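> Following is a predicted model, sequence given first.
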2 protein chains.
Amino acid sequence: MQKPIVIALDAMGGDRGPEAVVGGAAQSLARHPDMRFLFVGDTSLVAPMFAQFPALSGRCEIEHAELSVSMHDKPSEALRRGRWKSSMWLAIEAVKTGRASFAVSGGNTGALMAMAKFCLKAMPGIERPAIAAIWPTVKAECLVLDVGATVEATAEQLVTFSFLGAAMARALQKRDRPIVALLNIGVEEVKGLDQIKRAHAQLRAMTLPFEYTGFVEGDGIGHDAADVVVTDGFTGNVAIKTAEGTAKQVGQYLRAAMEQSLLSQLGGFIAQDAFRVLKAKMDPRRSNGGVFLGLNGLVIKSHGGADATGYASAIDLGYDMARADLVERTRQDLAAIVTARAGGIGVAPAPAFGDNSGS
Amino acid sequence: MQKPIVIALDAMGGDRGPEAVVGGAAQSLARHPDMRFLFVGDTSLVAPMFAQFPALSGRCEIEHAELSVSMHDKPSEALRRGRWKSSMWLAIEAVKTGRASFAVSGGNTGALMAMAKFCLKAMPGIERPAIAAIWPTVKAECLVLDVGATVEATAEQLVTFSFLGAAMARALQKRDRPIVALLNIGVEEVKGLDQIKRAHAQLRAMTLPFEYTGFVEGDGIGHDAADVVVTDGFTGNVAIKTAEGTAKQVGQYLRAAMEQSLLSQLGGFIAQDAFRVLKAKMDPRRSNGGVFLGLNGLVIKSHGGADATGYASAIDLGYDMARADLVERTRQDLAAIVTARAGGIGVAPAPAFGDNSGS
């Protein structure tokens, strides 16, 4: 049997408190019996939750944390003020010290990223980390990054994100050479922002451990145009929220249409299994979990409002990546990019590469 | 009776040829009997279409054009090579000379914008024009601009887009003080790109002919967070295509779910009226038409693949704006912005304002 995967869980992050976190761990454990958990948080609040989940017995410990980071804390303040004592920091630190394979938190995204960067540091070759999201598509799913860590990205950063996303796709989707695209406003080479066109030229000129397919437009993401879609954090965040909003909007249209008459209500009743399938397919909890990529350790941001089912998705996601040894494999891939850049293979100057300050 | 509204139609733009354009005009005319049409294109192709639409008789003329701009022409080439003879140019010129109230073309967007800027010129106070799209929302609709004309926008350009969008909302939605928002990745003032934060500060400091409500995120657009959402052309284009793609994707999920069993098929059959309502609600032809704002004349870009129903939507849209005298009203609003900037009311230096070179 394989060595267990230990998961550090920030039990205080998220809007629903420790119950959703502990419940999520129990759901995940049922699917992966080789999981072990380190719950970090206020012992007096976390310990009473275990009574409901006997399966966790003997498979978890609690590390007491005096503080929890609030959703309103500015990242810089969260880092300064007593970070050593917060559940968020201690969960990340467990990854750094090797006690845990990865950490999951539903807390403040900015604070989590700031702490993860400070504690785990960026990998060699990484100037800025990225957050990757899982975007459900017609046929399967697409990884989209960055969705908010690096608001503005240079051409070189976009190239690095391609490597990070491809490594994640290999770990999750078990594809040898995932298909990677850059998000743009046209598929022609003349269109778009300058940094995207330059990233495109760099990717075309490099030897890559993935297939680079060129540009994809916003409507291609959900329609399986690529396994990985790369963009800056601003555009990625707007795109994913727009997609979430649109899916919800269409759901509202559908509900209103089905309620318009007795006949439509009857038809809806008869077809209720179909609507159940549709609802499950569109359940945002299924794709919960933003993965921080480019750090020396794996951290996953769960949606703050996630319930136990949502947390379990985020934990499952980390499990698959930890089993695939994502961090080590990413490091190997990045060695290739560092070599390519050092050799000046068709790339523009990238002064900050190799600078591991983590900014 | 009011003076008729004359519409110049590029009969050669669009993938379906003159038939869709002439058919669209006939549909629109049925709703607005005070419309008159100037079809610009190859007479030998356009004239035979009229036989099918007797209502157009006596309500239209044809202006012969020797050339049509292809979808593959680069804007600069389209402008240089025989532009004077193209149906696209001649339709725009009819607006300039006052023969038509507005022009509609389904041709190459880049060429149409290049010709419109060259022929009509930007209004005083406008550095870069914008394309506004109509985004269907849960309750009504939202105007989103820019969706592709100005790929990168400065803070000052975003402020101007707010004025342009608000003027259009007043004309279309008959709202005295439309609610305008800036698209961002968070509603807090600390988040987002620098130019967006600066535009926010400028709008907060100015006396405005609309309500400025602050930031909105991607999921707010379709959920009636504002009447007008302002962004740069890159982000707006990604957002609108992402929304279109997601709506289509959810439609595919729904179809698959309804076909999964005999029972769901039966339910779907009984509720078919509901699905018809849903389909009509989600019909992209209803919101066809990108409006070029900030020029001394009104030009509407129809989707290239639009059929007669789609063209009719674009023509209706222009009709409402022409009846509301959008161009003149926008000019008045912009006078306020020019004054505000000249007075230095809390705005950063905007060197290019007042420069009417139309870039």
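Now that the structure is in, tell me what you want to look at.
> what about A:A205, how many neighbours?
Residues lying near A:A205 (other CB atoms under 10 Å in any protein chain shown) number 12. For glycine as for every other residue, the C-beta is placed from the backbone atoms N, C-alpha and C.
> Pull up the pairing partners for the host helix or strand of A:V299, direction included.
Using DSSP states H and E, A:V299 falls within strand A:298-301. Here strand A:298-301 has these sheet partners by DSSP bridges: strand A:102-105 (parallel), strand A:290-293 (antiparallel).
> Provide the contact partners of that strand at residue level.
Strand A:298-301 is contacted from outside by A:92, A:95, A:101-106, A:109, A:112-113, A:116, A:120, A:131, A:289-292, A:314-315, A:317-318, A:321-322, A:326-327, using CB atoms under 8 Å, 6 or more residues apart in numbering or on different chains.
> Equivalent analysis for stretch A:256-276, please.
By CB under 8 Å, 6+ apart, stretch A:256-276 touches B:257-258, B:260-261, B:263-275, B:277-278, B:281.
> What residues sit buried inside it?
A:257-258, A:264, A:267-268, A:270-271, A:274-275 (16 or more other CB atoms under 10 Å in any protein chain shown).
> Out of these, list just those in helices.
Among the buried residues of stretch A:256-276, DSSP state H puts A:257-258, A:264, A:267-268, A:270, A:274-275 in helices.
> Kindly indicate which of those residues lies nearest chain B.
A:G267 (2.6 Å; CB to the nearest CB).
> of all the buried residues of stretch A:256-276, which two lie farthest apart?
A:A257 and A:I270 (15.5 Å; CB to CB).
> which parts of the stretch 101-250 of chain A sit against chain B?
Applying CB under 8 Å from any CB of the partner chain, we find that the stretch 101-250 of chain A lies next to chain B at A:137-138, A:148, A:151-152, A:183, A:185, A:190, A:192-193, A:217-223, A:231, A:233-235, A:237-250.
> burial count for A:A225?
A:A225 is flanked by 21 other residues according to other CB under 10 Å.
> And A:E66, by the same measure?
Neighbourhood size, A:E66 [other CB under 10 Å]: 12.
> Ok, A:L56 next?
20.
> Any figure for the gap between A:V151 and B:P209?
As judged by CB to CB, to the nearest Å, A:V151 and B:P209 stand 31 Å apart.
> Three-state assignment for the residue nearest to A:G17 when sequence neighbours are not counted, please.
Closest residue in space to A:G17, ignoring its immediate chain neighbours: A:L45 at 7.0 Å, by CB to CB, 6 or more residues apart in numbering or on different chains. Using DSSP: H, G, I helix; E, B strand; the rest coil, the structure places A:L45 in helix.
> Could you do A:L112 as well?
Secondary structure of A:L112, per three-state DSSP, is helix.
> ok, it - contacts?
Per CB under 8 Å, 6+ apart, neighbours of A:L112: A:13, A:69, A:88, A:92, A:105, A:292, A:299, A:301.
> what stretches of the stretch 201-350 of chain A score poorly on pLDDT?
Counting by pLDDT under 70, the stretch 201-350 of chain A shows low-confidence ranges at A:340, A:342-350.
> Tell me where it has strands.
Listed in chain order, the strands found in the stretch 201-350 of chain A under DSSP state E, counting those that start in this stretch are A:211-216, A:228-230, A:290-293, A:298-301.
> Likewise for the stretch 51-200 of chain A?
Under DSSP E, counting those that start in this stretch, the stretch 51-200 of chain A gives strands at A:60-64, A:102-105, A:130-136, A:141-145, A:179-183.
> How far off centre is the second one?
Using CA atoms, centre = their mean, to the nearest Å, the distance from the centre of strand A:102-105 to the centre of the chain it belongs to is 11 Å.
> what mean pLDDT does that strand have?
Average pLDDT, strand A:102-105: 97.
> Any chance you could list what contacts it?
For strand A:102-105, contacts defined as CB under 8 Å, 6+ apart pick out A:7-10, A:13-14, A:87-88, A:91-92, A:94-95, A:112, A:289, A:297-302, A:311, A:314-315, A:318, A:321-322.
> what does the longest one give?
Among residues not part of strand A:130-136, those counted as contacts by CB under 8 Å, 6+ apart are A:109, A:113, A:141-150, A:161, A:164-165, A:168, A:221-222, A:229, A:233, A:236, A:240, A:243, A:281-282, A:286-287, A:289-294, A:301, A:317.
> re earlier: close enough to count as contact, the residue nearest to A:G17 and A:V21?
No - applying CB atoms under 8 Å as the test, A:L45 and A:V21 come out as separate, 10.5 Å apart.
> what do the two both touch?
Common neighbours of A:L45 and A:V21, using CB under 8 Å, 6+ apart, are A:A11.
> Which of these two has more residues huddled nearby?
In this view A:L45 and A:V21 are compared by other CB under 10 Å, and A:V21 has more residues nearby, 32 against 14.
> element containing that one?
A:V21 is part of helix A:18-31, with elements assigned from DSSP H and E.
> How many neighbouring residues does A:W84 have?
What A:W84 shows, counting by other CB under 10 Å, is a neighbour count of 10.
> which residue sits closest to it in space, ignoring its chain neighbours?
A:W84 sits nearest to A:L90 (CB to CB, 6+ apart), 8.0 Å away.
> So that neighbour versus B:N237, what's the distance?
Distance, A:L90 to B:N237, by CB to CB: 43 Å.
> Just want to know which of these two has more residues nearby.
A direct count of neighbours by other CB under 10 Å for A:L90 and B:N237 places B:N237 higher, at 27 against 24.
> For that one, which residues are in contact?
A:185, A:217-218, B:147-148.
> can you pull out the helices in chain A?
Under DSSP H, chain A gives helices at A:18-31, A:43-46, A:75-80, A:87-96, A:109-120, A:155-173, A:194-205, A:218-221, A:233-258, A:262-270, A:272-281, A:308-323, A:326-342.
> Next, the angle helix A:326-342 makes with the fifth one.
Helix A:109-120 and helix A:326-342 meet at an angle of 80 degrees, taking axes from the mean of the first three to the mean of the last three CA atoms, to 10 degrees as the criterion.
> With the first one instead?
The directions of helix A:18-31 and helix A:326-342 differ by 90 degrees, with the same axes, to 10 degrees as the criterion.
> Just the buried positions in helix A:18-31, please.
Those would be A:18-29, for helix A:18-31 by 16+ other CB under 10 Å.
> could you dump it to PDB, C-alpha only?
Coordinates of each C-alpha in helix A:18-31 appear next as PDB, following Å, rounded to 0.1, in the frame of the first residue of the first chain:
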ATOM      1  CA  PRO A  18     -15.000  23.900  11.000                       C
ATOM      2  CA  GLU A  19     -18.100  21.700  10.400                       C
ATOM      3  CA  ALA A  20     -17.900  22.100   6.600                       C
ATOM      4  CA  VAL A  21     -14.100  21.400   6.700                       C
ATOM      5  CA  VAL A  22     -14.400  18.300   8.900                       C
ATOM      6  CA  GLY A  23     -17.400  17.000   7.000                       C
ATOM      7  CA  GLY A  24     -15.500  17.500   3.700                       C
ATOM      8  CA  ALA A  25     -12.600  15.500   5.000                       C
ATOM      9  CA  ALA A  26     -14.900  12.700   5.900                       C
ATOM     10  CA  GLN A  27     -16.500  12.600   2.500                       C
ATOM     11  CA  SER A  28     -13.000  12.600   0.800                       C
ATOM     12  CA  LEU A  29     -11.800   9.900   3.100                       C
ATOM     13  CA  ALA A  30     -14.600   7.600   2.000                       C
ATOM     14  CA  ARG A  31     -13.200   7.900  -1.500                       C
END
